[in-house]
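Asks: Next one to model:
(one chain, ligands or ions: 2)
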Amino acid sequence: MNKIKIVIAGARGRMGKEAVYLTGRTEHFDLVGVLDHKHEGKKLSDLDGFTGYDVPIYTDIEKCFQTEKPDVLIDLTTPEFGYYHAKTALSYGVRPVVGTTGFTKENLQELEDLCEEMNRGCIIAPNFALGAVLMMKFSQIAAKYYQDVEIMEMHHDQKLDAPSGTAIKTAELMAEVRQAKNQGHPDEKETIPGARGADFDGMRIHSTRLPGLIAHQQVLFGAEGESLTIRHDSYNRVSFMSGVKLAVEEVLKVNVLVYGLENIME
Ligand SMILES: NC(=O)C1=CN([C@@H]2O[C@H](COP(=O)(O)OP(=O)(O)OC[C@H]3O[C@@H](n4cnc5c(N)ncnc54)[C@H](OP(=O)(O)O)[C@@H]3O)[C@@H](O)[C@H]2O)C=CC1
Ligand SMILES: O=C(O)C1=N[C@H](C(=O)O)C[C@H](O)C1
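Replies: Residues are numbered from 1 along each chain as shown. Ligands and ions are numbered 1, 2, ... in the order given. Next comes the predicted model:
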């Protein structure tokens, strides 16, 4: 099997570092470079924690793609840069695997169009943890039967976007099947703005940020005399790596935008 040539954007970050280690332990993955906004001219192995990863650091994405000609870009940066990186990758025929969250609907539409134009695949996964994908799918099943639902997502306090990409994706999946309802009392009033959380199609999303947390979500359904809780917890970032591996392998087989790992899990 030919090795898959990979560039990682955000390699120094919490997720990026784990993705670098994933390439190191996966026989058919070949990390050929990393994209950063610092450390131009250095090697990744010059930085703490990356002994043995003797690949160049690029701050210029075009130079990176022209020189290294990767098959796949893994992006784990910020919404603004992730979107720009994914667009540039597609324009070079490089297939993006994007874990970065916070993309707008317009961003997704543009990437979908670009995939079609370039006849290249792109996978955007709001959550790479397989259990989290199951939590979202189980919630979608439950939402067919329970109209009353609220999402509680809990993350570390270094997270930039709220609500989380996972919470938004969960709400989107549930909205496809749930009988529409505005959650709570019709006359309810917030005495402190924001108390009832974000409103997605009448469903409320509550975002908690605390040190010590990694990534957690519970979806709470209620009905007369009962409740159902569907919960997933990531206790470390290795939990996301089997999904990253799957996405890198699968993005080579598709020529469209895939939004959500549930679309490629057998
Ligand atoms: N899909 C999933 O399963 C998961 C997705 N995420 C998402 O992944 C993203 C990254 O999360 P996390 O690793 O925790 O964040 P970090 O802040 O730890 O990592 C982001 C990295 O990107 C770097 N960076 C910033 N701007 C650029 C740029 N222009 N080019 C290249 N690198 C850049 C940062 O450098 P510096 O710090 O120097 O600015 C940092 O090293 C977030 O959007 C998060 O929501 C996170 C976990 C799981
Ligand atoms: O920033 C994080 O940490 C995470 N981000 C993703 C999200 O926004 O859902 C995935 C996971 O929850 C961790």
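Asks: Need the contact partners of the helix or strand that residue 137 is a member of.
Replies: Assigned by DSSP states H and E, residue 137 belongs to helix 130-145. The set of residues external to helix 130-145 that reach it, using Cβ atoms under 8 Å, 6 or more residues apart in numbering, is 127, 149, 166, 169-170, 173-174, 176-178, 215, 217, 219, 221, 228, 230-232, 234, 239, 242-243, 260-262, 265. In this view, the C-beta of every residue, glycine as well, is placed from N, C-alpha and C.
Asks: Name the next helix or strand downstream of that helix, please.
Replies: strand 149-155.
Asks: Report whether that next one contacts ligand 1.
Replies: No. Against ligand 1, strand 149-155 shows no contacts by Cβ under 6 Å from any ligand atom, the least distance being 8.2 Å.
Asks: Which residues does that strand contact?
Replies: Taking Cβ under 8 Å, 6+ apart as the rule, strand 149-155 contacts 139, 142-143, 163-164, 166-167, 170-171, 174, 178, 183, 197, 203-210, 213-222.
Asks: if we can go back for a sec, what comes up buried for the helix holding residue 137?
Replies: For helix 130-145, burial by neighbour count (16 or more other Cβ atoms under 10 Å) applies to 130, 132, 133, 135, 136, 137, 139, 140, 142, 143.
Asks: tell me which of those residues is nearest to ligand 2?
Replies: The nearest member of those to ligand 2, counting by Cβ to the nearest ligand atom, is residue 132 at 6.8 Å.
Asks: so where's the stretch 151-266 of the chain shaky on pLDDT?
Replies: Within the stretch 151-266 of the chain, no range satisfies pLDDT under 70.
Asks: re earlier: with respect to ligand 1, which of the buried residues of helix 130-145 is nearest?
Replies: Of these, the one sitting nearest to ligand 1 (Cβ to the nearest ligand atom) turns out to be residue 132, at 7.3 Å.
Asks: how near is that closest one to residue 126?
Replies: The gap separating residue 132 from residue 126 is 9 Å, by Cβ to Cβ, to the nearest Å.
Asks: Does residue 188 lie in a helix or a strand, and which?
Replies: Residue 188 is part of no helix or strand when elements are defined by DSSP H and E.
Asks: Which pLDDT value belongs to the one residue in the stretch 1-150 of the chain that gets nearest to ligand 2?
Replies: The stretch 1-150 of the chain approaches ligand 2 most closely through residue 101 (3.7 Å), counting by Cβ to the nearest ligand atom. Residue 101 is assigned 96 on the pLDDT scale.
Asks: what's near enough to touch the closest residue in space to it that isn't next to it in sequence?
Replies: Of all residues not flanking residue 101 in the chain, residue 165 sits nearest, at 3.0 Å (Cβ to Cβ, 6 or more residues apart in numbering). Contacts for residue 165 (Cβ under 8 Å, 6+ apart) come out as 101, 102, 103, 126, 127.
Asks: check whether stretch 86-96 contacts ligand 1.
Replies: No. Contact of stretch 86-96 with ligand 1 (Cβ under 6 Å from any ligand atom) is absent, the minimum separation being 11.2 Å.
Asks: That stretch: how far from the chain's middle?
Replies: Averaging C-alpha positions (Cα atoms, centre = their mean, to the nearest Å) puts stretch 86-96 17 Å from its chain's average.
Asks: go on, stretch 151-166?
Replies: On Cα atoms, centre = their mean, the centre of stretch 151-166 falls 12 Å from the chain's centre.
Asks: what's the helix or strand for the residue nearest to residue 97 when sequence neighbours are not counted?
Replies: Excluding the flanking residues, the one nearest residue 97 by Cβ to Cβ, 6+ apart is residue 247, at 4.5 Å. Using DSSP H and E, residue 247 sits in helix 241-251.
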